[in-house]
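# next one to model:
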Amino acid sequence: MLSYDAESRLASVSGISCLVVSQAYGADGLRSSYSVTPVGATTPLTNEQFLYDGGQLTQMALSVNGTVQYTDTYVYAQSGAPLELLRTQASTGTTSRYWYLLVGRGSVVVNARGKPGHALE
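Numbers count the residues shown, from 1 in each chain. Reported below is the predicted structural model:
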């Protein structure tokens, strides 16, 4: 079953494998959270919280069973093109750096890890 908010945006999906998938939006119309909760549970299995600056995603925190696993911080060039992703693991405080490799008109072709020859999708 699909449900929508007052702005006609998808708010939740239920009936899929006993899970409820929900998303919420801020006053700016951008998605502020996304969660997957087992039917009848009070704590989401997974939850993502999103922060924006001027419409650009700047941070996302992923929680599993109520515990933050990692936080992604997005860095942009002055042109607005994606530049870097910083992933901080909550359990260790370790931050990994990933750079976006752009082609042509700024399309992202790969997200490269801070090691030569190692790329992410």
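# low-scoring stretches of this structure, by residue?
Within the chain, the segments meeting pLDDT under 70 span 16, 104-121.
# quick one: contacts for residue 44?
Contacts for residue 44 (CB atoms under 8 Å, 6 or more residues apart in numbering) come out as 35-37, 63, 66. Yep, even glycine has a C-beta here, placed from its N, CA and C like the rest.
# could you rerun that using 10 Å?
Going by CB atoms under 10 Å, 6 or more residues apart in numbering, residue 44 touches 19-22, 33-38, 63-66.
# try residue 68
The contact partners of residue 68, by CB under 10 Å, 6+ apart, come to 47, 49, 61-62, 88-91.
# same question, residue 69
46, 61-63, 89-91.
# and if you look at residue 64?
Counting by CB under 10 Å, 6+ apart, residue 64 has contacts 36, 44-47, 70.
# okay, which residue is most central for the protein?
residue 60 (4.6 Å; CA atoms, centre = their mean).
# in the helix or strand residue 100 falls within, what counts as buried?
Per DSSP states H and E: residue 100 is located in strand 95-103. Residues of strand 95-103 classed as buried by neighbour count (16 or more other CB atoms under 10 Å): 98-100, 102.
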